[in-house]
Structures are given as structure tokens and as C-alpha cells.
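Participant: just need the structure, nothing else, for what follows:
(one chain, ligands or ions: 1)
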Amino acid sequence: MVDGGDPGPGDLRHGPVPEHPRRRGQHGAQPAPAADRPGPAEGGDTVTATPLLEVEDLHLSYELRDRTVHALQGATLHVGRSEIVGIVGESGSGKSTVARAALGLLPWGVAHITGGAIRVEGADVTRFGPRQWPKLRGHPLAMVFQDPLSFLNPVVRVGRQIAEGVAKHDPGADRTRRVAELLDLVRLPAEVAQSFPHELSGGMRQRVLLAIALGCRPKLLVADEPTTALDVTTQADIIALLRDIRDTLDLSILLISHDLAVVATMCDRIYTMYGGHTVETGPTADVLRRPGHPYTYGLMQSARAVRDEHGRYATIPGQPPNLAVEFPGCPFSGRCPVEVEPCGTRFPPSARVSGAETHLAWCWRLVEQHAGDVAVTA
Ligand SMILES: Nc1ncnc2c1ncn2[C@@H]1O[C@H](COP(=O)(O)OP(=O)(O)OP(=O)(O)O)[C@@H](O)[C@H]1O
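Facilitator: Just a heads-up that it's a prediction; the model follows:
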């Protein structure tokens, strides 16, 4: 369950309006506002000047035979060193697409980046092709997926599958010893090395996947819904394990989940995505205490299993946006309980929500509350 107060989306605080990563077609890709980068005071322990991963105002479409899906229409995020950062949002909001784009794991010829930028350790990888991406995979970036069975080779013992990554990224290592170390790290007995994937439980397979990824010595581990297919107890074990691994190995984790409770338990900072846009970001405690975007507030109500006067669980009324069109305004417009005049026609600049400079939401209502602080330029 998500803890925190019960502020409504109207209960938003004032503060200066930082510069917004501008909309594609209006100003082109721009650096994220300084306030959207973590400082040592908030959102992480040891954050250096160059984030491991930066995604700036990313626009991406899937060109299908009969239609175009504008999956990302302004996704912005960064992950610093030793941080656990979460992306939360409902199905179709673009969470997996932004993560896969950052690892070059999108279908070539179908997915097209049409604006914005991706940087890995400061290097622009936005236009990387199929030959360049493999150099980044495993190290410095590795990914674990929701469904280990689709990733693991069913006819190869898991020890050998772990050893393959070790051989590539850690060629000098004693492979047998390293496999045993990695299994121990993910809290599996050494004998598991002799097993085939189908002989293991779902939770054990997820740990094997984690061992394979860690064998590549990543600096950033991207975990896409790693616990969704697991029962509640196993979910909690995997979350605790991920946190311990971050502490032991001092790596960064980007956790993707539709479940705000999972993200809230584990992450230092959160990004909320909706309709292909980043709509809020901030240190987890700040976002939960005072959500700045009405969509984040709706997610919190759903996560708390709040019931309405008829005893029904709170859901966000309305339908997600149609991604076949590029929407000029806020994608939550039409579904938003606190909509104001420009929402349907122009996407807002970011505005500071709470005390932390890193707590921002992209919401016209907040911008209006800030009116007079800083000129709005979107
Ligand atoms: N390979 C693909 N080809 C075409 N459309 C795609 C592809 N992958 C994703 N999409 C579409 O892009 C949009 C964003 O999908 P994405 O998987 O990134 O969202 P998500 O927030 O991760 O949702 P989920 O939690 O259901 O995976 C959706 O409309 C989805 O149907």
C-alpha cells in the first residue's frame, strides 16, 4: 500500500517554473531543466555530474503497415549513479518503449526516433545503428524482463547461460567460480547451475536472469516489470534482493512498473508517464506526499484501493489517449478533473511542485499557480 497524505491535485505548492525541455517542432530537443537533474541533496546518494542515462524530450513512433503509433511524445528521464529510479504509468503509457529505446532494443525499421535525444554516460546514442548498440548491452547497460522463459534458452543449463555473459564481459574471470558467486549474489544455491530453466520456479528463473545480467558487470540495470508475473511473497523477495544488489554492487537500477506500490517501495525517485509523456518526476517521498500531476494523484488513489461512495474501487475515469494521433496538448486532457483552458491545445512547461527542486510536474494548473514567477514560454 502506498503511504502518504491525501492531497488532491488542487493542493499544489508554488515555486519558480524551471525551463521545460521544449516540444519537438517548436524548439527542437533541449537539455532537461537543471531542476530535473538530481543533486546530492535529493533523490539519490552519490550522483555525479554526468548521469548514466539521459532521455531528453524523446519522440518515437512505430510505423505499422496500416497506422502510426506515436508511442513517445515527450519522454524525459535521467538516472544518476547508484540511484534506483522508477517509471510508473498505466499500460500503453510508453514505459517499456522508453527503456527499450535507451538500450537499442526496439524493432529496427518499425520504431523511429523523430525528436529528442538519448545519452549514455554523456555520449549521444540517439542515432546508433544495429552494429553499435551491442557494444553497450550487458555493460554498461543490462536489462531483465518480465518473462524469463522467453529470454532463457530452454535446452542449456543455467550455469552455462550465466557463464556466457561472464566470458564476454569478464574474460579473465574463473567462470565456474564467478557463476557460483553470481548465484550466491542472487541467493540461489550453487547446484542451480546444473538445472534447466523449466526445472526452476518463476522466482528462481527471475533470479537466474538477474545473475546473467549481473555477470556482465552493468552500471545500470533496467528491470521491466520484473515482479509482475510472480506471487506477492516472491515479488517482495525480488524487490528486497534488487535493493541489496544495488547496495552491494553500487549500481543503478531503472525499474519499470504499472504498480505504484512496487515503485514506491523500492525507488529513490519516480517518473510518472502518461500518453507517451513524462508528466511528473521527483523524489519518491515528495511525489507520494504531494503529487503534482492529477494523473499521479489518480494512480495513488488506485494504489491505495480507495473506495467511492458506492463501495467501488477508485479508478481513473475515461480512456487512455489514442496514440494514433500526436496530441498538441496534455494527453490527460479530457480525463482530468482539474482541467483548465490551455490543457487541450498546448503541452505545459514543467513547474516545481514541492520543496525539492527536483519535484516537477508538467501541468497547466500548476503553471497558472506560478503565474508571475517566471514567464511561460511553451
Ligand atoms: N513493437 C511495437 N509495435 C507497434 N506498437 C508498439 C510496439 N511496442 C509498443 N507499441 C505501442 O506503443 C505504445 C506504448 O507501449 P509500451 O509497451 O511502451 O507501453 P507500457 O507503458 O510499457 O505498457 P505495458 O505496461 O502494457 O507494456 C502502446 O500503444 C503499444 O501498443
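Participant: quick one, phi psi at Lys165?
Facilitator: If you look again at residue 165, you'll see it is Gly, not Lys. phi -70, psi -40 (degrees, to the nearest 10).
Participant: quick one: contacts of the helix or strand harbouring Ile239?
Facilitator: In the assignment (DSSP states H and E), Ile239 maps to helix 232-249. Helix 232-249 is contacted from outside by 82, 84, 185-187, 201-203, 206-207, 210, 214, 221, 223, 226-227, 230, 251-253, 255, 262, 265-266, using Cβ atoms under 8 Å, 6 or more residues apart in numbering. The way it works is simple: take the backbone N, C-alpha and C, and place the C-beta from them, glycine included.
Participant: filter those down to the buried ones.
Facilitator: For these, a burial check counting by 16 or more other Cβ atoms under 10 Å picks out 82, 84, 185-186, 202-203, 206-207, 210, 214, 221, 223, 226-227, 230, 251-253, 255, 262, 265-266.
Participant: and the residues you listed, which of them are in strands?
Facilitator: 84, 221, 223, 252-253, 255 (DSSP state E).
Participant: where does the stretch 151-300 of the chain dip in pLDDT?
Facilitator: Nowhere does the stretch 151-300 of the chain drop to pLDDT under 70.
Participant: where along it do the helices fall?
Facilitator: Ranges of helices within the stretch 151-300 of the chain are 158-169, 175-185, 202-215, 232-249, 260-266, 284-289, 294-303, based on DSSP state H, counting those that start in this stretch.
Participant: CSV for those helices, including distance to the ligand?
Facilitator: Shown next, in CSV, are the helices of the stretch 151-300 of the chain (distance: least, Cβ to the nearest ligand atom, whole Å):
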stretch, distance to the ligand
helix 158-169, 25
helix 175-185, 28
helix 202-215, 17
helix 232-249, 16
helix 260-266, 12
helix 284-289, 18
helix 294-303, 12
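Participant: dump the ones you listed to JSON lines, plus distance to Leu58.
Facilitator: Below are those laid out as JSON lines (distance: least, Cβ to Cβ, whole Å):
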{"stretch": "helix 158-169", "distance to Leu58": "27"}
{"stretch": "helix 175-185", "distance to Leu58": "33"}
{"stretch": "helix 202-215", "distance to Leu58": "24"}
{"stretch": "helix 232-249", "distance to Leu58": "25"}
{"stretch": "helix 260-266", "distance to Leu58": "20"}
{"stretch": "helix 284-289", "distance to Leu58": "21"}
{"stretch": "helix 294-303", "distance to Leu58": "19"}
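Participant: which one, of the ones you listed, ends up nearest to His277?
Facilitator: helix 294-303 (9.6 Å; Cβ to Cβ).
Participant: show me the contacts for Leu183.
Facilitator: 159, 162, 189-190, 192-193, 211.
Participant: roughly how far does Ala351 sit from Thr234?
Facilitator: Ala351 sits 40 Å away from Thr234, going by Cβ to Cβ, to the nearest Å.
Participant: quick one: end-to-end length of stretch 136-147, please.
Facilitator: 22 Å (Cα to Cα, to the nearest Å).
Participant: anything in it near the ligand?
Facilitator: No. Contact of stretch 136-147 with the ligand (Cβ under 6 Å from any ligand atom) is absent, the minimum separation being 8.5 Å.
Participant: buried residues in that stretch?
Facilitator: Applying a neighbour-count criterion of 16+ other Cβ under 10 Å, the buried positions in stretch 136-147 are 136-146.
Participant: which of those fall in helices?
Facilitator: Within these, no residue falls in helices by DSSP state H.
Participant: CSV for those residues, including pLDDT?
Facilitator: Supplementary listing: the buried residues of stretch 136-147 in CSV, determined by pLDDT from 0 to 100:
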residue, pLDDT
Leu136, 88
Arg137, 86
Gly138, 88
His139, 89
Pro140, 92
Leu141, 93
Ala142, 93
Met143, 91
Val144, 90
Phe145, 83
Gln146, 80
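Participant: pretty sure Asn153 contacts Ile162?
Facilitator: No. If you go by Cβ atoms under 8 Å, Asn153 and Ile162 don't touch, sitting 11.5 Å apart.
Participant: nearest residue to Pro328 other than its sequence neighbours?
Facilitator: In space, and not counting its chain neighbours, Pro328 is closest to Thr345: 5.7 Å by Cβ to Cβ, 6 or more residues apart in numbering.
Participant: same deal with Gly165?
Facilitator: Once flanking residues are discounted, Gly165 sits nearest to Gly215: 4.0 Å by Cβ to Cβ, 6+ apart.
Participant: just Glu326 next, same as before
Facilitator: His70 (4.9 Å).
Participant: the one you found in helix, strand or coil?
Facilitator: strand (DSSP: H, G, I helix; E, B strand; the rest coil).
Participant: which residues touch it?
Facilitator: By Cβ under 8 Å, 6+ apart, the neighbours of His70 are 59-61, 276, 323-326.
Participant: now, the most widely separated pair of the contacts of Leu183?
Facilitator: It's Ile162 and Pro189 that sit farthest apart of the contacts of Leu183, by Cβ to Cβ, at 13.7 Å.
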